[in-house]
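Trainee: Sequence plus predicted model, see below.
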Amino acid sequence: MVNRAEPQASGSLRAFGAALKVFRERSLLTQEQLAERLSYSLASVASVEQGRRMPTAHFVERAEEVLESFGVLRAVARHVGRQRGLAVWFREWAQLEETAVGLSTYECRVVPGLLQTEAYTRAVMLNVPPPPTEEQLTQRMTARRARQELLHREPPIAFSFIIEESVLLRHTGGEEVTRELIDHLLECTELWNVELQIMPVRQPHHAGTDGPMRLLETPEREWLGYSEGQKTGQLITDREAVSVMQMRCAKMRSQALSPADSAELLRRMRGAL
């Protein structure tokens, strides 16, 4: 069985969790009641209280409002190492993600971090030299788990993912990890704000041969792009360059399998394992 244990808590995460619990109990709320008022799952609230999950900016603001914590939670959250575990070149993009209204991702190397399972994340991180220390691995996995809260954020983000079929055929981490990953991807396809398409291995017309890309729409309806390579990342703000990325993404959506056909392919791949 895959180990689903959450990463070990850091001091700053425990401090925020303790403060959250104090204000929750002051408001005479159970974890279940707080989760309902925050529009988060019970598991998410419990993990934050235990110091095992990094609160998103949206979580902090909702908790501040619901619990009337006089700015205390917001102040404590500033000391939570939100971006520990994120590559330096990715941090600006990660901040933009938290307030985005739309995110589009094309990936040909690995399953996008927002859709990864913990076992798959671990396998990816341990496969690429140099091997991380246990502390580095914990920080990276905690940061990735925090980013994944974006899938369930309120107000919701509209997500569009295009993933190469070859990424899944690689079976990173082995068959058991791949089974769990495909099951998780199928669960994600059931989220109303997530559109997942698979680019088939055999596709003679492919607009994404220049490599992976991401697009983001801000609350001000401005579009930004992001491109990442070996130990580098570039935020793209030039309107002409972003427009080119939008054209390529639009073309790939027509070249990839439809969301329904992609889900069917995932089910067939799962059955073959």
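Mentor: Okay, I see it.
Trainee: sec struct for residue 224, please.
Mentor: What DSSP: H, G, I helix; E, B strand; the rest coil gives for residue 224 is strand.
Trainee: which SS state does the closest residue to it other than its chain neighbours fall under?
Mentor: Here the nearest residue to residue 224 in space, its sequence neighbours aside, is residue 216; by Cβ to Cβ, 6 or more residues apart in numbering that works out to 4.9 Å. Every C-beta, even on glycine, is put in place using the N, C-alpha and C of the backbone. Three-state call for residue 216 (three-state DSSP): strand.
Trainee: show me the contacts for residue 216.
Mentor: 93, 96-97, 100, 102-104, 223-226 (Cβ atoms under 8 Å, 6 or more residues apart in numbering).
Trainee: CA atoms of stretch 28-41 as PDB?
Mentor: Extracted in PDB, the C-alpha atoms of stretch 28-41 (Å, rounded to 0.1, in the frame of the first residue of the first chain):
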ATOM      1  CA  LEU A  28     -17.300  27.600  20.300                       C
ATOM      2  CA  LEU A  29     -17.000  25.800  16.900                       C
ATOM      3  CA  THR A  30     -16.100  22.200  16.200                       C
ATOM      4  CA  GLN A  31     -13.600  21.500  13.400                       C
ATOM      5  CA  GLU A  32     -16.600  20.300  11.300                       C
ATOM      6  CA  GLN A  33     -18.500  23.500  11.900                       C
ATOM      7  CA  LEU A  34     -15.400  25.600  11.000                       C
ATOM      8  CA  ALA A  35     -14.800  23.600   7.900                       C
ATOM      9  CA  GLU A  36     -18.300  24.200   6.700                       C
ATOM     10  CA  ARG A  37     -18.100  28.000   7.300                       C
ATOM     11  CA  LEU A  38     -14.700  28.200   5.600                       C
ATOM     12  CA  SER A  39     -15.900  26.100   2.600                       C
ATOM     13  CA  TYR A  40     -13.000  23.700   3.200                       C
ATOM     14  CA  SER A  41     -13.000  20.000   3.900                       C
END
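Trainee: hmm, who's touching it?
Mentor: 24, 27, 42, 44-46, 49, 59, 62-63, 66-67, 149, 152, 154.
Trainee: Name the member of the residues you listed with the most neighbours.
Mentor: residue 45 (28 neighbours; other Cβ atoms under 10 Å).
Trainee: In the stretch 101-250 of the chain, what residue spans correspond to strands?
Mentor: Secondary structure of the stretch 101-250 of the chain by DSSP state E, counting those that start in this stretch: the strands cover 102-107, 158-164, 194-199, 213-217, 223-229, 232-236.
Trainee: tell me, what residue is most central in this structure?
Mentor: Closest residue to the average C-alpha location of the chain: residue 114 at 2.4 Å, with Cα atoms, centre = their mean.
Trainee: So for residue 160, what's the nearest residue that isn't a sequence neighbour?
Mentor: Computed as Cβ to Cβ, 6+ apart, the closest residue to residue 160 that is not its neighbour in sequence is residue 104, at 4.3 Å.
Trainee: Check residue 203 too.
Mentor: Nearest non-adjacent residue to residue 203, counting by Cβ to Cβ, 6+ apart: residue 255, 5.9 Å away.
Trainee: My read is that that neighbour contacts residue 209, right?
Mentor: No. With contact defined as Cβ atoms under 8 Å, residue 255 does not reach residue 209; the gap is 11.1 Å.
Trainee: Please, where are all the helices along the stretch 101-250 of the chain?
Mentor: Assigned helices in the stretch 101-250 of the chain, in chain order: 118-127, 134-148, 165-169, 175-189, 239-255 (criterion: DSSP state H, counting those that start in this stretch).
Trainee: now the contacts of residue 216 as TSV including pLDDT and neighbour count?
Mentor: Putting those into TSV (pLDDT from 0 to 100; neighbours: other Cβ atoms under 10 Å) gives the following:
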residue	pLDDT	neighbour count
93	85	20
96	84	16
97	87	19
100	90	19
102	96	15
103	97	22
104	98	23
223	94	17
224	94	20
225	94	22
226	95	23
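Trainee: List just the nearest of those to residue 238.
Mentor: residue 225 (8.5 Å; Cβ to Cβ).
Trainee: Give me the distance between that closest one and residue 74.
Mentor: Distance of residue 225 to residue 74, computed by Cβ to Cβ, to the nearest Å: 31 Å.
Trainee: And for residue 129?
Mentor: As judged by Cβ to Cβ, residue 129 and residue 74 stand 40 Å apart.
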